[in-house]
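Asks: structure for this input, please:
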Amino acid sequence: MNWRDHILKEFTPQVARLTLVADPDGLLVEEGMMQAIRERGFELLAFDDPVAFRFAYESKYRSHWDAGRVTDLVVVTRSASHDLGTLPFDLLQVGRRLSFNLGDLFPNMSYPVIAALDRGDLDALYQAQERYAPELMGDNATRDFVLRHVFQVAPEFIGQPSDMLRVLLRRHHQGQHLPRLLDDRFIRLLRQSGRFEGWPLEAIIPDREAFFSFLQEHWPRFVIKWLKTNSEFQIPTSQDDSVEMEPPNVPDLPFDHDDVRVYIDNLFLEGFLKPIDVVEAAGVSPSEKSLSAWIVVGLHTDQAADQARRVRGLINSLHDQLPSPDARHQSWLAYARSWAELIALWHQLSPPAQSEQRPQFDSLREKIDSAFFEWIWKRYGGLHNLPASPPVMLHHLPRYLAREIENGRMSKVALIVVDGLALDQWVVMRKAIERQRPEWQLREGAIFAWLPTITSVSRQAAFAGKAPIFFPSTIHTTGKESALWTQFWADHGLARSEVAYLKGLGDEASLGEVENLLENSQLRAAGLVVDKVDRIMHGMELGTAGMHNQVHQWTEHGFMLRLLDKLLECEFGFVITSDHGNIEAEGCGRPSEGAIADVRGERVRVYPDESLRAGVKQQYPGAVEWPAVGLPENYLPLLAAGRSAFIPAGKRLVGHGGISIEELIVPLARVERKTL
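Replies: Take a look at the predicted model:
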C-alpha cells in the first residue's frame, strides 16, 4: 500500500454524484492522487473563488445532471473538516462529506514538519514509516527522520568535502526542493560539528544558483592545479603565482573525486557550469590525447570542437534521462530546459557537423515527441488544480505574485510575458543578458502554458489568474486582458490606480512609455506584454535558426536590458515568462472547411461542436481531438499531428498551437542583483 490507498478506498464510482472533501493539506490535488481519482471516473473542482466555482458548477455539472448525464464530482476545499459548512447550502444538502489530513497518515510525526513537505515527497516518507515504524517524534526527531529517509541526507556521515559536494550535487542537479526548516536543521548540525569552516553553507545548501556559482568560482583554481600535476602541461610562473594569491580560507574542491566527477559532465553539458579559457590563458596547447581527459568538458579549446562535443554529450545524456510516463511534472520541466540547451547549441553547429550528428538528433527528437505526448495525455489534465506556489501553469503566476506581496517578500511586482518566446530562444536571450549584465543573478525555471498553445487562451489565462473555462466570452480575443488583470488585483485588495497593463512593447519607441509607467509611485502590480518575438516569428522564413539569430540581435539591441534595468531601479520583484513557444513545422494540407472553425491556426483549429471537429478529423486521421481540459465546453481544439501544420503540403513555417515540448513548456525566470 501507499498513502494514496487510504484515501482512494473512499472513492467508489456512482456511490454519490457529489462528494465534498475537506482537504486542508492538499492531498487530493497531488499529481498521482489526481490521476488515480480521474481513472476511477471522478472529476475534481476546487472551491477557491465562490463566484468562479458557481459558474463552473452550474455550467459544467449541474446542467449535465439536470439533463440526466452521470458525472461523479468531487468538490475540494482547503478548509478543515469542521469548516465544510461554509460551502453553499445546496451542495451540503446533496453531497456526502469526507475529510483527509496529514495527521491521519503520519500520526507519530510532527505535523508542522510534514506539512512543509512537497506532496510528491510523501511516497518516500510513507515507505520509511512502514519500514521503520517510528515512535512518537518531536520536531527535531521528525526533521532528522525526513532528512535521512526522504532526502538521503545524514549529517553525521558528511565528513569530507567530497561527501558534501555529492549531497549538494545530487540535490541541486535534480532541482530538489527542501523546506527551509529542514535546511536550517542540516546547517545547524554541520556547524555544531565544526566541519566545513569557510564554506558558505547558509547560501549554497538552500540556494541552487548560489551553489552553482560557488562551483564556477572554484573551477579555475582546480583546473590550474590539475594541469600542473600532468607532465604534458607546462604552466607559466605568472599563472602559477595568481593561483597562490587566492584567499587562504577558500576550500579546494575535489572535482576529480569519483563521487563528484560523475556529475561534472552533465553540469557543463546542460549549462549549469560554463567552460573556462584557462588553457589559452596558461599558454597550454592540449594534445589530442589530453582532449580525451574528463576535465576537457570544462575547458574552452577549439570552439567548433567544443560545440560538437557538447552536442554529442547532450544527445547521449538526454536519451538516458527521458522521463517516464508516470514522471512528475518537475521532471519534464527540468528535461525541457536541457532540451532547449541542445536546440540552441544545435543551430550553432556548422552544416557538416550537423550532418554528422543528424540521425542521432532526429532520433532523440522523435522519442521526446512520443514520450511527451503520452505524458501530456495522461497527466496534463490535473496540472491546473495544483497549488500556485510554486507556480506550475501560467494562470498560477498572478496568485504567486500576490502571495509574495502578502508575505512581505515584495512590495511591487511585475509580470512580463514575452509573447511567443520558446525555451531555446530564452537560452539565446539569457546568454546575451549574462554577457552584458554579469552583475545580475538569473534564477531560471520553466512553466506549462495552456493547450491549445495560442495567445488568446494561454496569455489571457496568465493575466486573468484563472483557467480559460472562467473567461468563455473573451477566449477568442486578447482585448480584455487589461480588465482581467485589474480585476484579479482588485480581488486581492489593490486599487485600480495601483495596477497597470501595457502591451505592444519591444521596440525603442515603447521604452519611454513603460519607463514612465514604472516610475509611478502608486503602481504596485504591472502587467507587461513584450510582443517583439511573436512578430519576428510570424514573419520568419528561415526556421528555428533564423529565430535564434533574430532573438539574439533583438536582445543585443537593448530593449530587454533597459526594461529590466528600470524594473530593478524601481525595486520591482518580477518574473519573465512566455505564453507559448514555437516549432518549425511542415505542411500537411489546409482543411477545406469554409467558416465552420472559430480559430483557423496553422497548428490548431478550434470548433464549436463535436460533429464539426469530427468531420475535419476525417480528412486528417493523425490530428488530435484535444479534450476540453480547463476550457469552455464549446471550445474544441483539433491539433495538427506531430510537427505538422495545416498549411499546403511541402511548405514550412515557424508556428504554435500544438502539444510539442517546445510549444507547451515555456521559460520562467527572475532577475536579481548579485549580493556580495
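Asks: got the CA coordinates for stretch 360-378 in CSV?
Replies: Included here for stretch 360-378 are C-alpha records, laid out as CSV according to Å, rounded to 0.1, in the frame of the first residue of the first chain:
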residue,chain,number,x,y,z
GLN,A,360,21.1,10.9,-33.5
PHE,A,361,19.4,14.3,-33.1
ASP,A,362,16.4,13.4,-35.1
SER,A,363,16.0,10.0,-33.3
LEU,A,364,16.1,11.8,-29.9
ARG,A,365,13.5,14.4,-31.0
GLU,A,366,11.1,11.6,-32.2
LYS,A,367,11.5,9.9,-28.8
ILE,A,368,10.9,13.1,-26.9
ASP,A,369,7.8,13.9,-29.0
SER,A,370,6.3,10.4,-28.4
ALA,A,371,7.1,10.3,-24.7
PHE,A,372,5.9,13.9,-24.1
PHE,A,373,2.6,13.3,-25.9
GLU,A,374,1.9,10.2,-23.8
TRP,A,375,2.7,12.0,-20.6
ILE,A,376,0.5,15.0,-21.5
TRP,A,377,-2.4,12.8,-22.4
LYS,A,378,-2.2,11.1,-19.1
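Asks: contacting residues around it?
Replies: The contact list for stretch 360-378, computed with CB atoms under 8 Å, 6 or more residues apart in numbering, reads 35, 311-312, 315, 318-319, 322-323, 325-327, 332, 339, 342, 346, 354, 451, 642-643, 659-661, 664. No exception for glycine: its C-beta is placed from N, CA and C like everyone else's.
Asks: what helices and strands are in contact with the host helix or strand of Ile416?
Replies: Element membership of Ile416, judged by DSSP states H and E, is strand 413-418. Contact analysis of strand 413-418 by 3 or more CB pairs under 8 Å, 6 or more residues apart in numbering; DSSP states H and E lists helix 397-406, helix 455-464, strand 525-530, helix 559-569, strand 573-577 as its packing neighbours.
Asks: buried residues in the longest helix anywhere in the chain, which are they?
Replies: Taking residue count as the measure and DSSP state H as the definition, the longest helix of the chain comes out as helix 351-379. By 16 or more other CB atoms under 10 Å, the buried positions in helix 351-379 come out as 353-354, 357, 361, 364-365, 368-369, 371-373, 375-376, 379.
Asks: swap in stretch 635-651?
Replies: When burial is assessed from 16+ other CB under 10 Å, stretch 635-651 yields the following buried residues: 635-640, 642-647.
Asks: ok, now stretch 656-672?
Replies: Neighbour counts using 16+ other CB under 10 Å place 656-669, 671 of stretch 656-672 among the buried residues.
Asks: on that earlier part again, most tightly packed of the helices and strands packed on strand 413-418?
Replies: The highest mean neighbour count among the helices and strands packed on strand 413-418 belongs to helix 455-464 (a mean of 26), with neighbours defined as mean count of other CB atoms under 10 Å.
Asks: neighbours around Arg148, how many?
Replies: 16 (other CB atoms under 10 Å).
Asks: ditto for the one 3 residues further on
Replies: Using other CB under 10 Å, Phe151 has 18 other residues around it.
Asks: how about it, what does it touch?
Replies: Applying CB under 8 Å, 6+ apart to Phe151 gives the contacts 121, 171, 176, 178, 182.
Asks: assumed the third one was part of a helix.
Replies: No - note on Gln176: no helix contains this position according to DSSP: H, G, I helix; E, B strand; the rest coil, which reports coil.
Asks: list the single closest residue to it in space, sequence neighbours excluded.
Replies: Sequence neighbours aside, Phe151 is the residue nearest to Gln176 in space, at 7.1 Å (criterion: CB to CB, 6 or more residues apart in numbering).
Asks: tell me if I am right that the one you found is in a helix.
Replies: No - assessed by three-state DSSP, Phe151 does not belong to a helix; its assignment is coil.
Asks: can you pull the phi/psi pair for it?
Replies: Backbone geometry at Phe151, expressed as degrees, to the nearest 10, gives phi -110, psi 0.
Asks: distance of it relative to Gln174?
Replies: Taking CB to CB, to the nearest Å as the measure, Phe151 falls 11 Å from Gln174.
Asks: what does Pro155 give?
Replies: As judged by CB to CB, Pro155 and Gln174 stand 19 Å apart.
Asks: could you do Arg358 as well?
Replies: From Arg358 across to Gln174, the span is 31 Å (CB to CB).
Asks: likewise for Ala344?
Replies: Ala344 sits 22 Å away from Gln174, taking CB to CB as the criterion.
Asks: out of those two, which sits in the busier spot?
Replies: Neighbour tally, Ala344 and Gln174, criterion other CB under 10 Å: the higher count belongs to Ala344, 22 against 12.
Asks: pLDDT score for that one?
Replies: Confidence per residue is given as pLDDT, and for Ala344 that number is 96.
Asks: over to Ser287?
Replies: 47.
Asks: what does the one 5 residues further on give?
Replies: With respect to pLDDT, Ser292 scores 50.
Asks: cool, Leu84 as well?
Replies: Reading off the per-residue confidence, Leu84 sits at a pLDDT of 84.
Asks: now Ala490
Replies: With respect to pLDDT, Ala490 has a value of 96.
Asks: what about the closest residue to it other than its chain neighbours, distance to Trp485?
Replies: The shortest distance from Ala490 to any residue that is not its chain neighbour, by CB to CB, 6+ apart, is 6.8 Å, and that residue is Arg496. As for Arg496, its distance to Trp485 is 11 Å (criterion: CB to CB).
Asks: do the same with Asp565
Replies: Following CB to CB, the distance that separates Asp565 from Trp485 is 23 Å.
Asks: re earlier: compare Arg496 and Trp485 (neighbour count), which wins?
Replies: Trp485 (23 against 10).
Asks: what sits against the more buried one?
Replies: The neighbours of Trp485, taking CB under 8 Å, 6+ apart as the test, are 398, 463-464, 499, 501, 525, 527.
Asks: name the element it belongs to?
Replies: When the helices and strands are read off by DSSP H and E, the one containing Trp485 is helix 481-491.
Asks: if we go by neighbour counts, what in that helix is buried?
Replies: Of the residues in helix 481-491, those scored as buried under the neighbour-count criterion (16+ other CB under 10 Å) are 481-482, 484-489.
Asks: what do you get for stretch 179-192?
Replies: Here stretch 179-192 shows 179, 181-183, 185-187, 189-190 as buried, counting by 16+ other CB under 10 Å.
Asks: show me the contact partners of it.
Replies: For stretch 179-192, the external contacting residues (CB under 8 Å, 6+ apart) are 112-113, 116-117, 140, 143-144, 146-147, 151, 153, 155-156, 158, 178, 196, 201-202, 205-206.
Asks: what do you get for stretch 425-445?
Replies: Residues contacting stretch 425-445 (CB under 8 Å, 6+ apart): 209, 213, 271, 333, 337, 340-341, 343-344, 390, 421, 533, 547-548, 551-552, 555-556, 560-561, 564, 578, 581, 667-674.
Asks: burial measure for Cys588, as a count.
Replies: Counted with other CB under 10 Å, the neighbours of Cys588 add up to 22.
Asks: list the contacts of the closest residue to it other than its chain neighbours.
Replies: Distances taken as CB to CB, 6+ apart place Ser644 nearest to Cys588, at 4.0 Å, with adjacent residues excluded. Residues in contact with Ser644, defined by CB under 8 Å, 6+ apart, are 585-588, 622.
Asks: okay but Val529 is in contact with Val514, surely?
Replies: No - proximity of Val529 to Val514 does not meet the contact threshold set by CB atoms under 8 Å, at 10.5 Å.
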